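# coordinates only, no sequence provided:
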């Protein structure tokens, strides 16, 4: 019997598990109480993946020999594999009571406690493992993971770095460090860790997936797409990878390709609400709002508590002009997750569109809790001023210096620059931070003592305020919007130069803007193909393009109409565009920064708007309380531009 056991043990040690199992069984047939064969047959079963059998036989061994720590340890391993975590914790605890120097038992016990959600217990177990074996790299790494779960970031990073110091060749150690750096938004450092993990293990799926996420956070969409494509090669049935790849394509406005990714993800995982929501985003991108609503309904049906899906449903219903239902969904999202900034902000945008400015401005401040925007606000060390009473209200600015900083798009900066003289009227010294491209145009703005270009270090100030928070500070309503008349001036020298460039005027001059930034998320709604526009506009005017850039799709139409003067890169900055606007008898523009520029200059301006426009154009009116010189031409029931252009052409016949 001893000889057969030794033979079984030899086969076992050489990895010939089937032959070892056969001999252990033969021994047990003739001697059912052979404790070592019971134990080792259970170990072989565990190694072969048959953990229920392992638990049975190792348990029988323990009944015969209760004080053997190896038996309890191996029982715990199989219990852990079966997901019987509480029983596994008991087994590993028995090991440590029998053998207090067993670091592996403390480590495994910590792993089970961590999976059970007992993070404090897991931390203690991992610390015990390190106490027993001070150079135990896996214990440091797992301790770092547990500390991350309770937001003890610095300690977590220190543990992961210690694990790497002890054994830099383990890919998972670098991956775990990357995850904690990712969690605290240190994306460049996280990417370094993921890259190191991938150098050690090129097929590390977790590192590829999280690398893609960090790259997206940094706006490196092409690189993120590559990470997800590599991941899909490794794991073609990974629904999340297909969905994330779709998100990169949405960011690149490749909506049809993105939709294909989401369809593949749904085929793999038909009950994933996140995929349905991402799919809806792509459908919105191609203007198929009704299909987007269907996807969002699917997401909400699968997960009724999915606050983000309810918020996005509100935005989709807003695009369908179903405003009351939209508010209901925003309110539902806020009820489900009161901290969901997007829901509050989207609700504010709808209030602004409906003209309820008083309720809107307070909610509009939630934009600073949206990832990406919130980091911009955190860059300013001065106290945030919003007209609060603790700072003495508007009167409290007297004798103080305030840094007002522009945000969002160029059109927003042009529209809300009107508030800066009001801030100066409160007795404040105003410093204005703005994009370099607007410096020449706004340099002469009343009320600003000093300008600073974004990217430069601003001078000291007592307070700071985002530009679009000034309406809240001044409690702006529709009736109290300041400076609806001209508040900007074109540079006289530039006007003279462009007047000479245009030559003598023989007929009315009309400036034309038909498209905005192609990367704008709402570009598919607001831009018009030039060929469609020119098919209806009369030729008896002197048409002047006020656009610097022309899309490839519009270039041929422009070449076929040489009567439209296009200056392209000769428009060096907004001072040139402003000078041209000043020389126009009329400016016709879609919703772009030029519409705001022309309005702020007080030039007659017609703005062509989609059925549900940006909030600042409000609803059901053909004028604007923001600019007294504007006339608005809106799409009506449909989202077609043809009827709008026909109405513009009729109006031009009487111009």
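Okay, I see it. In this text the structure is predicted, and so the values were computed from the model without any measurement.
# next helix or strand past the host helix or strand of residue 198?
Assigned by DSSP states H and E, residue 198 falls within helix 187-200. Sequence-wise, the next helix or strand downstream of helix 187-200 (DSSP H and E) is helix 205-217.
# quick one: contacts of that following helix?
171, 174-175, 178-179, 182, 185, 187, 190-191, 194-195, 197-198, 201, 221, 223-225, 227-228, 230-231, 234-235, 238, 240-241, 244, 247-248, 251, 371 (CB atoms under 8 Å, 6 or more residues apart in numbering). In this view, the C-beta of every residue, glycine as well, is placed from N, C-alpha and C.
# buried residues in that helix?
206, 207, 208, 209, 210, 211, 212, 213, 214, 215, 216, 217 (16 or more other CB atoms under 10 Å).
# show me how far that helix is from its chain's centre.
Centroid separation between helix 205-217 and its chain, computed with CA atoms, centre = their mean, to the nearest Å, is 13 Å.
# next: stretch 136-153.
For stretch 136-153, the distance to the chain centre is 27 Å (CA atoms, centre = their mean).
# can you tell me what sits against it?
Contacts of stretch 136-153 (CB under 8 Å, 6+ apart): 103, 106-107, 110-111, 114, 119-120, 122-123, 126-127, 129-130, 133, 155-160, 162-163, 166-167, 170, 172-173, 176-177, 179-180, 183-184.
# are any of those residues buried, and if so which?
103, 106-107, 110-111, 114, 119, 122-123, 126, 129-130, 133, 155-157, 159-160, 162-163, 166, 170, 172-173, 176-177, 179-180.
# inside helices: which ones of those residues?
Judged by DSSP state H, these include 103, 106-107, 110-111, 114, 119, 122-123, 126, 129-130, 155-157, 159-160, 162-163, 166, 172-173, 176-177, 179-180 as members of helices.
# so where's the stretch 201-350 of the chain shaky on pLDDT?
The model of the stretch 201-350 of the chain has no residue with pLDDT under 70.
# same question for the chain.
In the chain, residues with pLDDT under 70: 1, 372-378, 389-393, 395, 518-521, 523-524.
# re the thing from before, quick one: buried ones out of the contacts of helix 205-217?
171, 174-175, 178-179, 182, 187, 190-191, 194, 197-198, 201, 221, 223-225, 227-228, 230-231, 235, 238, 240-241, 244, 247-248, 251.
# thought residue 411 was touching residue 589?
No. Counting by CB atoms under 8 Å, residue 411 stays clear of residue 589, with 10.5 Å between them.
# okay, these two: which has more neighbours?
residue 589 (26 against 21; other CB atoms under 10 Å).
# partners of that one in the sheet?
residue 513, residue 607 (DSSP bridges).
# first-to-last residue distance for stretch 553-564?
16 Å (CA to CA, to the nearest Å).
# in what helix or strand does the nearest residue to residue 276 once chain neighbours are set aside lie?
Once flanking residues are discounted, residue 276 sits nearest to residue 299: 3.9 Å by CB to CB, 6 or more residues apart in numbering. Element membership of residue 299, judged by DSSP H and E, is helix 289-302.
# buried residues, that helix. List them.
In helix 289-302, counting by 16+ other CB under 10 Å, buried: 289, 291, 292, 293, 295, 296, 298, 299, 300, 302.
# which residues touch the first one?
Put plainly, it is residue 289. 283, 316, 319, 320 are the contacts of residue 289 under CB under 8 Å, 6+ apart.
# scan those and report the most crowded one.
residue 316 (26 neighbours).
# and that residue, which helix or strand is it part of?
Using DSSP H and E, residue 316 falls in helix 307-319.
# list the helices and strands that helix packs on?
On a contact count with 3 or more CB pairs under 8 Å, 6 or more residues apart in numbering; DSSP states H and E, helix 307-319 meets helix 273-285, helix 289-302, helix 323-336, helix 341-353.
# that helix to helix 323-336, inter-axis angle?
170 degrees (axes from the mean of the first three to the mean of the last three CA atoms, to 10 degrees).
# outside of helix 307-319, which residues touch it?
In contact with helix 307-319 (CB under 8 Å, 6+ apart) are residues 273, 276-277, 280-281, 284, 289, 292-293, 296-297, 299-300, 303, 323, 325-330, 332-334, 336-337, 340, 342-343, 346-347, 349-350, 353, 612.
# and the strands in this structure?
For the chain, applying DSSP state E gives strands covering 401-405, 429-434, 450-453, 463-466, 509-513, 542-545, 565-566, 586-590, 605-609, 630-634.
# can those go into a markdown table with extra columns for distance to residue 362?
Listed next are these as a markdown table, based on distance: least, CB to CB, whole Å:
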| stretch | distance to residue 362 |
| --- | --- |
| strand 401-405 | 19 |
| strand 429-434 | 24 |
| strand 450-453 | 28 |
| strand 463-466 | 14 |
| strand 509-513 | 33 |
| strand 542-545 | 41 |
| strand 565-566 | 44 |
| strand 586-590 | 30 |
| strand 605-609 | 26 |
| strand 630-634 | 27 |
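# alright, calling it a day.
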